[in-house]
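Asks: sequence and predicted structure below; questions after.
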Amino acid sequence: MSEPTTTTIDINGHPCRVWTKGSGPKIGWLAGFGGLPRWTPFLDELAKTRTVIAPSLPGHPGATGHNLLDSHLDWIVAARQIIVKSGLEGEDIAGSSVGGSFVAEFAALWPHKVKRVALIAPWGLFDEKDPATDVWAQRPDDQPGVLCADPQIWKDFKAVPAGANSVEWPIEQIRASEAAARVFWPLGNTKIEKRLPLILAPTLLLWGEQDRVMPRSYADTMARLIEGKTTIKTIPGAGHLADLDQPAATARAILEFMS
């Protein structure tokens, strides 16, 4: 698996890494819970036919500056800056869980600045009758099985790679969890349902069949609220982070939708 090209953009005076790989029409990717500590097979699948542009959110691996973002609005503005400065304005954009929530916010608040949207179990909704799982409340040994259908996939995703700074690596992983908590803890409820009707772009909603974080009913709620055309697809054998559990099937669903 060849390495992506790395560039850096400035967000509020802090660097944010942008990974780019592939050729063809652009597709943006905002990663899910835990960020993007390493390039993944899912992104390689996308890069076979598209130019994949994957910027890091503040505080996630490859970026800093999350401690400057005190409100949900701060995060939305930062996400918009990231999308624009990464050259993704007016392009197809996909995102998972945490990243998917910001892709949805961008598509809602700037509806003519995105072509098509793919969202993998995005955060932001909350139904007290069918609550989402509090990821931060999980014991460390249980968290991998909550996020992925195959816990080992999450463990490998977060394992220190050869040549990495073994001291800095775990700090980055903890920082990513803290950054997400600044926006979504404890219930993940950002009242996104008030803004979903503003989305006009064709939207694909992807859910892992074994998602233990976001209830499947949330996909139906989002599809009902979004003004533009929506398609719901379930990925067999996948948990919450379907792009990690089933990279080929998840990429294929997104590419077919955006063809």
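Replies: Happy to help now that I have it.
Asks: can I take it that Ser15 is in a helix?
Replies: Actually, residue 15 is Pro. It isn't Ser. No. Residue state for Pro15 (DSSP: H, G, I helix; E, B strand; the rest coil) corresponds to strand; a helix is not indicated.
Asks: enumerate every residue touching the nearest residue to it once chain neighbours are set aside.
Replies: Leaving aside its sequence neighbours, Pro15 sits nearest to Thr8 (C-beta to C-beta, 6 or more residues apart in numbering; 4.8 Å). (C-beta placed from N, C-alpha, C; glycine too.) Contacts for Thr8 (C-beta atoms under 8 Å, 6 or more residues apart in numbering) come out as Pro15, Cys16, Arg17, Val18.
Asks: what pairs with the helix or strand Thr8 falls within, parallel or antiparallel?
Replies: Assigned by DSSP states H and E, Thr8 belongs to strand 5-11. In the sheet, strand 5-11 lines up against strand 14-21 (antiparallel) (DSSP bridges).
Asks: and the contacts of the strand it pairs with?
Replies: With contact meaning C-beta under 8 Å, 6+ apart, strand 14-21 is reached by 2, 4-10, 36, 39, 43-44, 47, 51-58, 61-65, 68, 82, 86.
Asks: which of the residues in that strand are buried?
Replies: By neighbour count on 16 or more other C-beta atoms under 10 Å, the buried set for strand 14-21 is His14, Cys16, Arg17, Val18, Trp19, Thr20, Lys21.
Asks: list the buried residues for the helix or strand hosting Ile254?
Replies: According to DSSP H and E, Ile254 maps onto helix 247-257. Neighbour-count burial for helix 247-257 flags Pro247, Ala249, Thr250, Ala251, Ala253, Ile254, Leu255, Phe257 (criterion: 16+ other C-beta under 10 Å).
Asks: pLDDT value on Trp207, please?
Replies: Looking at Trp207, its pLDDT reads 98.
Asks: ok, it - how many residues close by?
Replies: For Trp207, the count of nearby residues is 23 (other C-beta atoms under 10 Å).
Asks: isn't there a strand covering it?
Replies: Yes. Judged by three-state DSSP, Trp207 forms part of a strand.
Asks: for the contacts of Thr8, give me CSV that also has distance to Arg139 and pLDDT.
Replies: Shown next, in CSV, are the contacts of Thr8 (distance: C-beta to C-beta, whole Å; pLDDT from 0 to 100):
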residue, distance to Arg139, pLDDT
Pro15, 33, 96
Cys16, 31, 97
Arg17, 30, 98
Val18, 34, 98
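Asks: out of those residues, flag the one nearest to His72.
Replies: Set against His72, the nearest of those by C-beta to C-beta is Cys16 (18.6 Å).
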